Every structure is written in C-alpha cells, then in structure tokens.
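Asks: Would you be able to build a 3D model of this:
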Amino acid sequence: MAQKNVRLRLEAEDGSTSREYRVNDGKVEVRSLQSRRECDPRESSWHRLTPQQLSIHVERNTVVARWLEHRLGWKRLLQACAGQEMHDWTTAQDRVDTHAG
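Replies: Here you go, the predicted structure:
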C-alpha cells in the first residue's frame, strides 16, 4: 500500500525549533515549527524549496537529501535540483507498490 502524506521532521537538540519536510503535488516543501511556548502561525506555513536549496542538500549529502532520494528516486531528485517541473511525480515507494501487486 502506498504511503501518503509522509513527512520528515528534524528537531533541534535544544528542542527550540524543528523543520518538517514533505513532497506535496510534486513540490518539496519545508516549514519551521517553533516550540509550543513560542508558537507563531506564520512560521508554520509550508514553503517550496528552490532548486538551489535542494542542490545544497544534495551536495552536502544531508539527511533531507537521503530521505528525498529514497522518496523520489535519484533521477527525480536531480531533476528537481536542475529546476525541472515535477509533473505527475510518484514517489519511489509508490512505483514499488504498483509493481508488487
């Protein structure tokens, strides 16, 4: 079964801020989540990562890049870094699920 609405959350060691990543309609998005005591609704809105931001993650081999490679596949991640539109993308997991049945 395909997993929908899968997200990656990275939390700061001191618990002050965390970032949450998702793939939504073929776009890689991120939002910052403040600690509960400092909640600001504007900070929790989703923002699309630019091709340059994605490229930095890939160059640095971050946890985000590895997660995206697993979710999207390396080819689609490379296309996103190049700024190509991501129409009709399916995640790597979705492709495996369709071939498994």
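
Asks: C-alpha from now on. contacts and neighbour counts both.
Replies: OK.

Asks: For this protein, which segments count as helices?
Replies: When secondary structure is read from DSSP state H, the chain shows helices at 51-60, 63-72, 74-81, 92-100.

Asks: and residue 16, which of those helices is closest to it?
Replies: The closest of the helices of the chain to residue 16 is helix 63-72. By Cα to Cα, the value is 19.3 Å.

Asks: Next, the angle from the closest one to helix 51-60.
Replies: Compare the direction of helix 63-72 with that of helix 51-60 by axes from the mean of the first three to the mean of the last three Cα atoms, to 10 degrees and you get 100 degrees.

Asks: on that earlier part again, Serialize the helices of the chain to TSV and add fields for distance to residue 19 and mean neighbour count.
Replies: Output for those, formatted as TSV (distance: least, Cα to Cα, whole Å; neighbours: other Cα atoms under 10 Å):
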stretch	distance to residue 19	mean neighbour count
helix 51-60	14	15
helix 63-72	10	18
helix 74-81	19	18
helix 92-100	23	13
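
Asks: and those, which one's lowest on average pLDDT?
Replies: Mean pLDDT across these is lowest at helix 92-100; the value there is a mean of 55.

Asks: re earlier: mind giving me CSV with the helices of the chain and columns for distance to residue 27?
Replies: Shown next, in CSV, are the helices of the chain (distance: least, Cα to Cα, whole Å):
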stretch, distance to residue 27
helix 51-60, 10
helix 63-72, 11
helix 74-81, 9
helix 92-100, 15
